Every structure is written in structure tokens, then in C-alpha cells.
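K.L.:
Model the structure of this input:
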Amino acid sequence: MLEVCRLLTVEKKVSSVYHPQTNGMCEKFNGVLKRMLKAHASLEPKTWDKYLVYVLFAYREVPNDTTGFSPFELLYGRNVRGPLSVLKEQWEEPEDCQSSLLSYLIETRERLKMLSDLAHQNEMNAKQYRRGITIRRQDRERLKLWKGPYVVADKVGPVDYKVKVRGKEKVYHVNMLKTWYERPEALQNEVEFLACIDVAEDKFEDEYIDVDYKITPQLVGKETVNDVRISEDLTDEQHRLISERSGNSQTYLLMYQRGQILCIISASFVRLMRKVLKDCDGFADSFIDDIGIYSDTFEDHLKHIRLVLLALRKSNVAARPKKCCFGFSKLEFLGHIVGGGEIRPTQDKIQAIVDFKPPMTKKQVGSFIGLIGFYRKFISNFSKYSASITDLTKKGLPNKVKWTSEYQQCFDKLKSMIASEPVLRAPDFSLTFILCTNACNTCVGCVLEQEFKDGRHPILYE
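P.N.:
Residues are numbered from 1 along each chain as shown. Predicted coordinates for the structure are as follows:
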């Protein structure tokens, strides 16, 4: 095709004059122009057209990041005389012009050619990738998801690059690539947190004021300044102000609303406990304010308890003795009875599911599915029996559900299966896992199993 074009003296153009639909750079400029007009016309949106001339002049005066020159300089070969240039000329002494018209035209022509070559070279350099790039996923382009980083192996064309992806080399267009920038290290300025909040009455039937999720007032947690995210708009007098003393003489405030705790406290507390138990990995873990210690033998358990308590003391964190349980073979943890290599649902949760009355509204249907769905891993073919009930919450259906015998059968089946006190075995990662799968027209299910000395036992239903 190139030879045919050369013989016929035909020059291929990717876009035509005054038709920006096929010009990517022009379409990009339209988006920039809209954002500039939006910024200038925020006070008077109905008179945005008055700012159009001034916005265009400002855009043509500023050098472009890709080309390195302003649009005016690329077109005319000289800088535009804007307000700042005129002001600068008033401050400086005037220069004597000794060149003739012919020499000026020749110099301008040479300058335009030089600027065009430099702009083209800068534009090509701006699209060259060496290493550390991310690739846009085509299957979910709307979500702007990227995968990587990967290393660029070679440049195979003006806009095509060969990238090493999972041991193989693939060719990608430059529009599918994006430079990967390493995240800079966060500032490690330590901030001391000391906060008191109201905690509602719990299972131990006592009301108390404590620090950061039921931890005694001697807690001083260490976090970085970048870990704190506080909205400046929270100025409601109903919020309670909790001051935090920082080591760099700066004061930070966390705001609470009565009966409600902001998500930042939960995230900060999880990070704090992760730092406290960083040396106890392998035998201790935490979930918010709960710490679980697990061991194979009683002797190891005593050693692990001592290490966890030493870690708490080292971080100046105190645990309430009346809420601590030591040396149990089975224990309730996060709504489950764990221990002895088995996992069971708690009896009070099972009773709540059994006592659940047939739902009459969409909200009640969602409450039941959410309640029993917490223990879906104990129920075989859970999706098969819950699919028809879940369909009652579809958009467009009336808020008051039409409860038929079909729904009642699935409802009773789910309750009977959870009421049979199902038991799952704790996974043993030294053994081989067995995955059994099945599917039908409405659902897909699987069972994760392991072969123990006393036979095959389920680990998880999904």
C-alpha cells in the first residue's frame, strides 16, 4: 500500500480540516476547554460564552506538556504578546530592530521548521515507555481497571510496544499502556492518639467509658499523619469532639455522633492491633477488639499467651481480665464455636433463624437472607433453596411479597438444615484439598473437602 501511494503521489491523512471527529488531540482539547470554561463560569453559568475568547487565548499562550511549546508559538514561530508580556515590555528598555522584512521571514520560516521537528520529537518521547507500565483491561474498560506493572521489552512500531506479561511477550498499542509510578513512602510522623468514647451496654451488663473500642485509658497508639482522614465539613454541634495529642505539636480531632462511630476509627484500630501483634504471626490474630490465640498443644498455648501479653505490655495496651478466656478447647469467636478441629454456628444464632417468621415485605426477605447467609458455608446447596426467595426482592416487584407454598418449602428447608447443627472441619493445610462442583439452570455450587483419618469431611459449602 505504501508503494501504491508513492506511485500515485497520494498522501494519507488521518483527519481532515475542520472535522475533529477523527482527530484525537482535538477531541482531547475539547475536554480541556470544557473544564476551563466550567472553572471560569462557576459564578455565572449562563454567560459562559463571554469567557470563551479569554480562555482560548490563555490556552494558546501556555506551553503544552507533550510538545513543549505553546500552540501560538508552533503556529506563528514566536511567543504571543499577552498581558504579562506587555507589562514586561513596559518595564524593560525597547530593543532596536535592525533586521529587514526578508530576513525576518526567512528566520521565521526556519524557526517554524525547527519548532515543528522539536514538537514532533517531544511528542514521540512522551509516548515511549521503558519499564514499569500498566495495561488497561479491555473486559472492564468502563471501570478504568489496570493490571501490572509489567516491563516493556521492545518498541516494534511508532505506537506499538512489546510487553512481557506473565512470562510471554505481547504487543500493545500505546493507548492501552500507562506509565507506572512508584508510590512515595508515607511520612512516618508518629501521632499519639488518646480518645474516650461512650460504649453501649454489652453482654456483661455494664456501662463504661473506655478508650478506642473498649481499651483502657493507658492506650497510646502510634499512627502516621497520612493514616488520618478527617472531613473539614463536620462542624455539627451534635458531634462529640475527641482530641488527639500529636508528638509534632499538631492537634487532630476525630468527630463522633451519638450512637455512631466513624469508619476511620475502625480502620485505625485494625492497623494498630496489626502493629501490636506483628511479632505474633502464626499463633495470634485480631478482629477489631478481639484477639484469638490458637495452638496445637497446651504447652505451646501457654508460651503463645505469654508472647501476646508481652506484646500488649510493650505497646502499652491493657486487656480487661473479665473479658479474657484462656485454655479452652472450644470457644465462641465471631458468631462461631471453634476448637477441636471443628467449626459450628452458635446456638443463639441458630435459634434466631428458627424463630424467624415468614417474611411479608422485601425488607423482611432481605433480613432473612442476610441472617441465614452468614452461615451459608454450613448449608449444602444454599443457592438452590435461597434463589427463589431472593428473587422476591427484585426491582419492579411490589414491596409486599406474595408468599406461596413454594417459598414456604424453601424457607422451611433452609431453617431445618441450619437447625440440624451442621459441623465443618477446620482446614489442615498439610493435607490435600478436594473440590467437588455442580451446577444447574439457576445456581453453581461447590464443596471443599479434606480426607482425614476418620474419613472425608467438608471444609466449606459455597
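K.L.:
Neighbours of R344, how many?
P.N.:
The tally of other residues near R344 (other Cβ atoms under 10 Å) stands at 19. C-beta: built from backbone N, CA, C; applies to glycine.
K.L.:
do the same with C325
P.N.:
Count around C325 with other Cβ under 10 Å applied: 9.
K.L.:
If we ignore the residues flanking it in sequence, what's nearest it?
P.N.:
L331 (6.0 Å; Cβ to Cβ, 6 or more residues apart in numbering).
K.L.:
which residues does the one you found contact?
P.N.:
For L331, the residues meeting the contact criterion (Cβ atoms under 8 Å, 6 or more residues apart in numbering) are 325, 337-339.
K.L.:
which one of the residues you listed is nearest K147?
P.N.:
K147 has its nearest neighbour among those in V338, at 36.6 Å by Cβ to Cβ.
K.L.:
helix, strand or coil for that closest one?
P.N.:
strand (DSSP: H, G, I helix; E, B strand; the rest coil).
K.L.:
which residue packs closest to it, ignoring adjacent ones?
P.N.:
L331 (6.3 Å).
K.L.:
any idea of the pLDDT on that neighbour?
P.N.:
Looking at L331, its pLDDT reads 82.
K.L.:
just to revisit the earlier point, mind checking which of the contacts of L331 are buried?
P.N.:
By neighbour count, with 16 or more other Cβ atoms under 10 Å, the contacts of L331 hold 337-339 as buried.
K.L.:
If we go by neighbour counts, what in the strand or helix carrying K170 is buried?
P.N.:
Counting by DSSP states H and E, the element that carries K170 is strand 168-173. Of the residues in strand 168-173, Y172 count as buried by neighbour count, 16+ other Cβ under 10 Å.
K.L.:
neighbouring strands for the following helix or strand past that strand, and are they parallel or not?
P.N.:
Note on strand 168-173: by DSSP H and E, the next helix or strand toward the C-terminus is strand 177-179. Here strand 177-179 is paired, per DSSP bridges, with strand 131-136 (antiparallel).
K.L.:
Pull the number of nearby residues for I106.
P.N.:
12.
K.L.:
does it sit in a helix or strand, and which one?
P.N.:
Using DSSP H and E, I106 falls in helix 101-126.
K.L.:
Give me the helices and strands touching the helix or strand containing Q409, please.
P.N.:
Secondary structure from DSSP H and E places Q409 in helix 405-419. Packing contacts for helix 405-419, counted by 3 or more Cβ pairs under 8 Å, 6 or more residues apart in numbering; DSSP states H and E, involve helix 347-354, helix 362-373, helix 382-390.
K.L.:
Partner strands of whichever helix or strand comes after it, with direction?
P.N.:
As assigned by DSSP H and E, the chain's next helix or strand after helix 405-419 is strand 424-425. Partners of strand 424-425 in the sheet, by DSSP bridges, are strand 342-345 (antiparallel).
K.L.:
so where is this structure shaky, pLDDT-wise?
P.N.:
Within the chain, the stretches with pLDDT under 70 are 90, 93-102, 104, 115, 118-145, 183-267, 421.
K.L.:
try 90
P.N.:
Residue ranges of the chain with pLDDT under 90: 1-303, 305, 308-309, 311-360, 362-462.
K.L.:
Do you have the helices of it handy? List them.
P.N.:
2-7, 24-40, 52-61, 71-76, 83-91, 101-126, 263-276, 298-314, 347-354, 362-373, 382-390, 405-419 (DSSP state H).
K.L.:
Format those helices as TSV; extra columns: distance to C440.
P.N.:
Shown next, in TSV, are the helices of the chain (distance: least, Cβ to Cβ, whole Å):
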stretch	distance to C440
helix 2-7	57
helix 24-40	48
helix 52-61	60
helix 71-76	62
helix 83-91	73
helix 101-126	54
helix 263-276	39
helix 298-314	45
helix 347-354	25
helix 362-373	19
helix 382-390	7
helix 405-419	14
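K.L.:
T437: which of those helices is closest?
P.N.:
Between the helices of the chain, helix 382-390 lies closest to T437; by Cβ to Cβ that is 12.7 Å.
K.L.:
The strand holding K170: how far from the chain's middle?
P.N.:
27 Å (Cα atoms, centre = their mean, to the nearest Å).
K.L.:
Strand partners (parallel or antiparallel) of it?
P.N.:
For strand 168-173, pairing defined by DSSP bridges yields strand 160-165 (antiparallel).
K.L.:
Now do the strand it pairs with: everything it contacts.
P.N.:
So strand 160-165 is contacted by 129, 133, 135, 150-156, 169-174, 177 (Cβ under 8 Å, 6+ apart).
K.L.:
That strand: which residues count as buried?
P.N.:
Buried, per 16+ other Cβ under 10 Å, within strand 160-165: 161, 163.
K.L.:
Please apply the same query to stretch 423-430.
P.N.:
424-425.
K.L.:
Skipping adjacent residues, who's closest to I434 in space?
P.N.:
E449 (4.4 Å).
K.L.:
residues near the one you found, how many?
P.N.:
Neighbour tally, E449, other Cβ under 10 Å: 18.
K.L.:
same check, this time on F368
P.N.:
The burial count for F368: 21, using other Cβ under 10 Å.
K.L.:
Compute the distance between it and L277, please.
P.N.:
Distance, F368 to L277, using Cβ to Cβ, to the nearest Å: 36 Å.
K.L.:
Need the helices and strands packed on helix 405-419 in a markdown table (columns: distance to E182).
P.N.:
Below are the helices and strands packed on helix 405-419 laid out as a markdown table (distance: least, Cβ to Cβ, whole Å):
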| stretch | distance to E182 |
| --- | --- |
| helix 347-354 | 46 |
| helix 362-373 | 40 |
| helix 382-390 | 43 |
